[in-house]
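**Student:** coords below, sequence missing:
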């Protein structure tokens, strides 16, 4: 029980912190997405106990999600710059990231927190930097910008536009699992559960070593399977989502 | 007749007859008036009906992919400039106004034009791009603002026309560049703003000029009359048509403003012929001759276009540049004379070259192969009338730069190989896709790429030879308990009796048997004996099922000969199949179209990215490994005499019986290309897959400079050290030990270490390096 207390508390703190962020629409901070997406919330209603668990889990992939980007054509394994996925450690950095972006109402400024790196980020030779915050520099400007646009479009109900923007991001960074993750989310919202699952599965093949993201992807797969009437498959995916963490 | 009779009768009884004559004349003219009024009403209806409705049917416009700019993008400055030239960007010392660019070392400033895309408007803005090597190293606004990503407007690559069609780009009056309206009025109809449709003054002037010079030098037609003539009437020359024209001109002027009439004129005027397509309106003319939007034209370009109205084919600037130049300068002089432009501006304009796009440049090329693919996809969703009349905007994935590179690779390779006997009769096709998105980026349907006709990339279904082999090996490797890359297989002669009673006795290309080999070597060296044996072991129907899962449904009979590629596919189908191999076992239906907008820019339809996992990534990883060995040590190894060894590639050669078909299909991380060479009459060619198609492929990859293949290692794959001779498990410390991927659990038992000191431990990287060199 004690084991749960700490993460639960931090998650609570984080959720309240994020509550104001959702409109700020930092696209990759998925807590914002999920909270604002009624569909997802209802889909999460499966079990209350699990719910807090997953919610807390969701808070984490976003943080690590924001900081960890695989530059296109990096020609190497996904770069994992954040600290080992011990809950408290990564959550600590959480509030720092959304902090400055919090006040910004416009998508473009959400990338303002991203300081332009001196070296092109997409260039394979650019090194990974070290430490939690410098990992921010791994953010790909264009991908982030397009995810932000897509978020705005989705919030405004333009799912086709969001889809289109995400595919644009996917052409720029085809191996970035977060783009596929968002695309899977939008497909789910569009009612195309089958494609949603496929995209999430494709994303999983690029998400090695990113357990939080993997958990989020398995969660999408679970929802997609639910919608396709595959309860057993959904349960299996939920299991995987837990194991990933 | 009538006149003679009346004159005779009038002599007899002048007074009474005159009265009745007058009465008759009155009645007649009354009838005439009524008839005329009736006719006028009819004409009026005609005039209004056509002018107020949709005035023109517009063929669908097809656009290439918009070039995206962002930091870290792989794009050479040279390719970027080619794209800018094709889009008609003017080179200026300081970029000024939309469609201008200035080059300063590795930095290029440009003012984009803005464009309506499916997901929104890309606004026109000043952009500064800095290049470093073949990458975009910096991107910002010219005002210093930060920019994450910018899209250029897409290149217009064609339209969808029925035969003999008028094509145009509709423009509004406010899109007319400076000088255009004034020049048009000055040259064609000086009194335009003062007449009511016909101009007695200019008719009188025309008569004066023509009679005094004794030739038809000047027409008296107003702009309104010209519009009426082109818009409503046939080209017949007669007095009645002339009267008709005059009446309609009056009616048009009565109903519509000068601005409306001028705008219609700008869109209607005929300015040239492009094959079957008639180029109408200054909007399209501007794109057609200068590859620029009309609003950006400068005085000298305006003068040329207006000058051409008098005789579009006589003054065609591409065919008769000197004549066109003389005419342009005549127009310019006229402008100075009438005070439309200052003498200084006119003098400066006269010094300018014609400025029409060069032949053979990107802007002046056509891409019939790709457009054909797009049309076929569109016809599944739209009626022909929708495509040829509604002015739809079709956004595609076509990459003009990759297309030019594939065409250049094709031409250069044929030139190089032209010494081979029979090379002249060899035709070709090529398909280039992005395996990560499933999008077609370039397509060649004929050796003469600009030639519309039989599209071999889509329609030439030919035996694929050894291109089928990866499917055989994939079928086997999906059973890791039975087959691994280092399983022993026999490359020995054998024969089987087929279902049809025929005895089938495969042979190797070099007619030799290679004994006991590693499984992967059969694929790498394209051995027929071991592959056929393996295929029979896993079952021909299963191999055919694998091909279906790779994305191509073939109706081949389950004969053993199918294992060696007796079945036929088109190059596009081969690309579909290899895309699944390249994309980690996820099949992506091939797409050429991204979205469709209406003429007004409203979103109409999207063709979304779709994938379907049909294989476990682990077995695909193993097949990719074997296909990389094709390039490193097998039949494709000639690529590395041209390409850097750091560029990881996977592929497969294919040669059908008697070298009737020369194939190569292969991919990097971001680029997949399939090349086919062969004769239309299915005769023998002087090429194998390696000596023909692979040469084109290599040349293309060298120009395209893709990213090295790097599939992330799936969870169920492990790397194990093995002895290169025995295939037994070994250890990193053992001399010569190599690392091979296995599905977890199928790897050989690890061997003992060979003692730290006797041999320096060969690390993975060392081995990879050695293998690459």
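**Tutor:** Great, that's in hand. Note that the structure is a prediction, hence the values are computed from the model and not measured. Residues are numbered from 1 along each chain as shown, chains lettered A, B, ... in the order given.
**Student:** what is the mean pLDDT for the lengthiest helix in chain B?
**Tutor:** Longest helix in chain B, counting residues (DSSP state H): helix B:14-52. Helix B:14-52 shows a mean pLDDT of 83 in the predicted model.
**Student:** who does that helix touch, helix- and strand-wise?
**Tutor:** For helix B:14-52, the contact count by 3 or more Cβ pairs under 8 Å, 6 or more residues apart in numbering or on different chains; DSSP states H and E identifies helix B:2-12, helix B:223-232, helix B:239-255 as packing neighbours. Yep, even glycine has a C-beta here, placed from its N, CA and C like the rest.
**Student:** Of all the residues in the last one, which ones are buried?
**Tutor:** Applying a neighbour-count criterion of 16 or more other Cβ atoms under 10 Å in any protein chain shown, the buried positions in helix B:239-255 are B:242, B:244-253.
**Student:** ditto for stretch B:28-40
**Tutor:** Counting neighbours by 16+ other Cβ under 10 Å, one finds that the buried residues in stretch B:28-40 are residue B:40.
**Student:** How about the residues of the stretch 351-500 of chain B by chain A?
**Tutor:** With the criterion set to Cβ under 8 Å from any Cβ of the partner chain, the stretch 351-500 of chain B comes near chain A through B:434, B:436-437, B:439.
**Student:** try it again with 7 Å
**Tutor:** Near chain A, the residues belonging to the stretch 351-500 of chain B are B:436-437 when assessed by Cβ under 7 Å from any Cβ of the partner chain.
**Student:** what's the neighbour count on the residue in the stretch 351-500 of chain B positioned nearest to chain A?
**Tutor:** Per Cβ to the nearest Cβ, residue B:436 is where the stretch 351-500 of chain B lies closest to chain A, at 3.6 Å. Burial of residue B:436, expressed as a neighbour count using other Cβ atoms under 10 Å in any protein chain shown, amounts to 26.
**Student:** Would you mind measuring from it to residue B:649?
**Tutor:** Computed as Cβ to Cβ, to the nearest Å, the residue B:436 to residue B:649 distance reads 15 Å.
**Student:** if we can go back for a sec, indicate whether whatever helix or strand comes next after the longest helix of chain B makes contact with chain A.
**Tutor:** Stepping forward along the backbone from helix B:14-52, the first helix or strand reached (DSSP states H and E) is strand B:60-63. No. Applying Cβ under 7 Å from any Cβ, one finds that strand B:60-63 is not in contact with chain A, the shortest distance being 14.8 Å.
**Student:** now the buried residues of helix B:239-255 in JSON lines, with pLDDT and distance to residue B:108?
**Tutor:** Converted to JSON lines, the buried residues of helix B:239-255 look like this (pLDDT from 0 to 100; distance: Cβ to Cβ, whole Å):
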{"residue": "B:242", "pLDDT": "81", "distance to residue B:108": "55"}
{"residue": "B:244", "pLDDT": "84", "distance to residue B:108": "55"}
{"residue": "B:245", "pLDDT": "86", "distance to residue B:108": "51"}
{"residue": "B:246", "pLDDT": "88", "distance to residue B:108": "54"}
{"residue": "B:247", "pLDDT": "88", "distance to residue B:108": "56"}
{"residue": "B:248", "pLDDT": "89", "distance to residue B:108": "51"}
{"residue": "B:249", "pLDDT": "91", "distance to residue B:108": "50"}
{"residue": "B:250", "pLDDT": "91", "distance to residue B:108": "54"}
{"residue": "B:251", "pLDDT": "91", "distance to residue B:108": "53"}
{"residue": "B:252", "pLDDT": "90", "distance to residue B:108": "48"}
{"residue": "B:253", "pLDDT": "92", "distance to residue B:108": "49"}
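**Student:** Considering those, which is situated nearest to chain A?
**Tutor:** For those, the closest approach to chain A (Cβ to the nearest Cβ) belongs to residue B:252, at 42.4 Å.
**Student:** still on that earlier bit, which stretch among the helices and strands packed on helix B:14-52 comes nearest residue B:114?
**Tutor:** Between residue B:114 and the helices and strands packed on helix B:14-52, the shortest gap by Cβ to Cβ is with helix B:223-232, which sits at 30.6 Å.
**Student:** now stretch B:729-746, how far from the centre of its chain.
**Tutor:** Shown here is stretch B:729-746, whose average C-alpha point lies 47 Å from the average C-alpha point of the whole chain (Cα atoms, centre = their mean, to the nearest Å).
**Student:** Please apply the same query to stretch B:90-110.
**Tutor:** Relative to its parent chain, stretch B:90-110 has a centroid offset of 26 Å by Cα atoms, centre = their mean.
**Student:** so how many other residues sit close to residue B:652?
**Tutor:** The burial count for residue B:652: 30, using other Cβ under 10 Å.
**Student:** Could you give the bridge partners of it?
**Tutor:** residue B:665 (DSSP bridges).
**Student:** looking at it, it is touching residue B:627, isn't it?
**Tutor:** Yes. In this structure, residue B:652 sits in contact with residue B:627. The criterion is Cβ atoms under 7 Å, and the distance is 6.2 Å.
**Student:** Out of the helices and strands packed on helix B:14-52, flag the one nearest residue B:502.
**Tutor:** Distances from residue B:502 to each of the helices and strands packed on helix B:14-52 were compared using Cβ to Cβ; the shortest belongs to helix B:223-232, at 68.7 Å.
**Student:** circling back to that earlier point, can you put the helices and strands packed on helix B:14-52 in CSV and add distance to residue B:364?
**Tutor:** Listed next are the helices and strands packed on helix B:14-52 as CSV, based on distance: least, Cβ to Cβ, whole Å:
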stretch, distance to residue B:364
helix B:2-12, 62
helix B:223-232, 27
helix B:239-255, 36
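**Student:** how about low-confidence regions in the chain?
**Tutor:** You didn't pick a chain, so chain A it is. In the predicted model, chain A carries pLDDT under 70 at residues A:1-140.
**Student:** meant chain B actually
**Tutor:** Low-confidence regions of chain B, defined by pLDDT under 70, span residues B:1-15, B:163-164, B:209-210, B:213-219, B:235-237, B:359-360, B:499, B:755-773.
**Student:** hmm, 50 instead?
**Tutor:** Regions of chain B meeting the criterion pLDDT under 50 cover residues B:1-12, B:216-217, B:757-773.
**Student:** For residue B:153, which of the helices and strands packed on helix B:14-52 is the nearest?
**Tutor:** For the helices and strands packed on helix B:14-52, distance to residue B:153 was read as Cβ to Cβ. The smallest value, 30.0 Å, belongs to helix B:223-232.
**Student:** returning to what we had before: got any residues that touch both of residue B:652 and residue B:627?
**Tutor:** Taking Cβ atoms under 7 Å, 6 or more residues apart in numbering or on different chains as the contact rule, residue B:652 and residue B:627 both touch residue B:470.
**Student:** I'd like the next helix or strand past whatever helix or strand residue B:260 lives in.
**Tutor:** Mapping residue B:260 onto the secondary structure by DSSP H and E places it in helix B:258-268. Remark: after helix B:258-268, the chain's next helix or strand is strand B:270-274, criterion DSSP H and E.
**Student:** re earlier: columns distance to chain A on top of the buried residues of helix B:239-255, output as a markdown table?
**Tutor:** Formatted as a markdown table, the entries for these read as follows, by distance: Cβ to the nearest Cβ, whole Å:
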| residue | distance to chain A |
| --- | --- |
| B:242 | 54 |
| B:244 | 50 |
| B:245 | 49 |
| B:246 | 52 |
| B:247 | 51 |
| B:248 | 46 |
| B:249 | 47 |
| B:250 | 50 |
| B:251 | 46 |
| B:252 | 42 |
| B:253 | 45 |
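**Student:** quick one: which of these is nearest residue B:291?
**Tutor:** Proximity of the buried residues of helix B:239-255 to residue B:291 was ranked by Cβ to Cβ; the top entry is residue B:252 with 33.3 Å.
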